[in-house]
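Engineer: here's a sequence, model it:
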Amino acid sequence: MRRSMILTAIVVATLISPFATPAHAEKIFIVDCLFAHRAKDDPIVYPRQPGASHMHDFFGNKSTNAFSTYRSMLRAMTNCGMAGESAAYWAPTLVRGNGTIVTPRRIKVYYRAGLLSGRRTYPFPKNFRMIAGGVNTIGKYSGWNCDGTALSKTARIDCSGRSPGHTYVRGEIIFPMCGEMRAGRIVTDSPDHRSHVVYGSHRTGCPRTHPVQLPAIKVNIRYGISNCKVARCHLVSDMMMHASVPGGSLHADFWNTWHQRLLARLVATKLN
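Structural biologist: Now for the predicted structure:
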């Protein structure tokens, strides 16, 4: 089995959920990354505080930990299979009812064009950070499915017996795509790591408070399990975030530590 997967560009509208329109179906690039490591760290929420967070699964950049800096991330290796794609992605760890950990098989990250055709999509600026998902978005912007089926609010779904390619439980998180501008610059973070970005729509675009069209990111995390009903799966963050159903706290973090020239070139050639 290959230990890395290359970045690909595809023209498949059905993969871009739930905001796909024909005008935007072709403006996409996709990154495949493998599971990198696991730790109770969160360099966005708890920088320089190792062990302060719940357990996370990290993808992409192999060095991500509580002490990571933008510079250290740029120097590190990635398992996304493309030199320069050194960004980091992480999500809470999935566990079975008996407490054993479910290791992810991979993460697939979709970078899609902005909301309105004819409007420029800006690359994420250096050191940009954001968190998406959680109990307030479950079932709409985050949820669980069997590689393409409708989103469920709970992780306790059964994907066994489905057609090849749809037999693994998958977590899906869609990130906001409208950024805030301040003093002529795109805001790279906010105290809650969420307020500097919001969701827009294909009808009205981005709101005046957050007028910058950023790449619309969707992440799909494929786990090494087919039946989470029998396994009684839940996320380690469920209790902390007061989730009403197992897996209802599904969320993910993104840290833009791409080599910026590569990201800018991909946004220019694939999304604009």
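
Engineer: output the below-cut-off pLDDT ranges for the chain.
Structural biologist: 1-26 (pLDDT under 70).

Engineer: in it, which spans are helices?
Structural biologist: All helices of the chain, identified by DSSP state H, fall at 70-75, 228-231, 260-266.

Engineer: and the ones you listed, which is most packed in?
Structural biologist: helix 228-231 (a mean of 18; mean count of other C-beta atoms under 10 Å). From N, CA and C alone the C-beta is placed, and that goes for glycine too.

Engineer: what residues are up against the closest residue to Asp42 other than its chain neighbours?
Structural biologist: Distances taken as C-beta to C-beta, 6 or more residues apart in numbering place Ser53 nearest to Asp42, at 4.0 Å, with adjacent residues excluded. By C-beta atoms under 8 Å, 6 or more residues apart in numbering, the contact list for Ser53 reads 40-42, 45-46.

Engineer: of all the helices of the chain, which one is nearest Ile138?
Structural biologist: helix 228-231 (15.0 Å; C-beta to C-beta).

Engineer: just the residues contacting that closest one, thanks.
Structural biologist: Under C-beta under 8 Å, 6+ apart, the answer for helix 228-231 is 96-97, 102, 144, 155-158, 169, 225, 247.

Engineer: tell me which of these fall in strands.
Structural biologist: 102, 144 (DSSP state E).

Engineer: quick check, nearest of the contacts of helix 228-231 to Lys270?
Structural biologist: Looking across the contacts of helix 228-231 and measuring by C-beta to C-beta, the closest to Lys270 is Trp144, at 28.5 Å.

Engineer: isn't the closest one right next to Arg170, touching?
Structural biologist: Yes: using C-beta atoms under 8 Å, Trp144 is in contact with Arg170, at 6.9 Å.

Engineer: tell me which of the two has more neighbours.
Structural biologist: Higher neighbour count among Trp144 and Arg170: Trp144, with 30 against 23, using other C-beta atoms under 10 Å.

Engineer: I'd like the distance between that one and His202.
Structural biologist: For Trp144, the distance to His202 (C-beta to C-beta, to the nearest Å) stands at 25 Å.

Engineer: give me the most central residue, the chain.
Structural biologist: By C-alpha atoms, centre = their mean, the chain has its centre lying nearest to Val219, at 3.8 Å.

Engineer: distance check, Leu151 against Thr93.
Structural biologist: 20 Å.

Engineer: buried subset of the contacts of helix 228-231 as a PyMOL selection?
Structural biologist: Applying 16 or more other C-beta atoms under 10 Å to these, the buried members can be selected in PyMOL as follows:
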select buried, resi 102+144+155+156+157+169+225+247
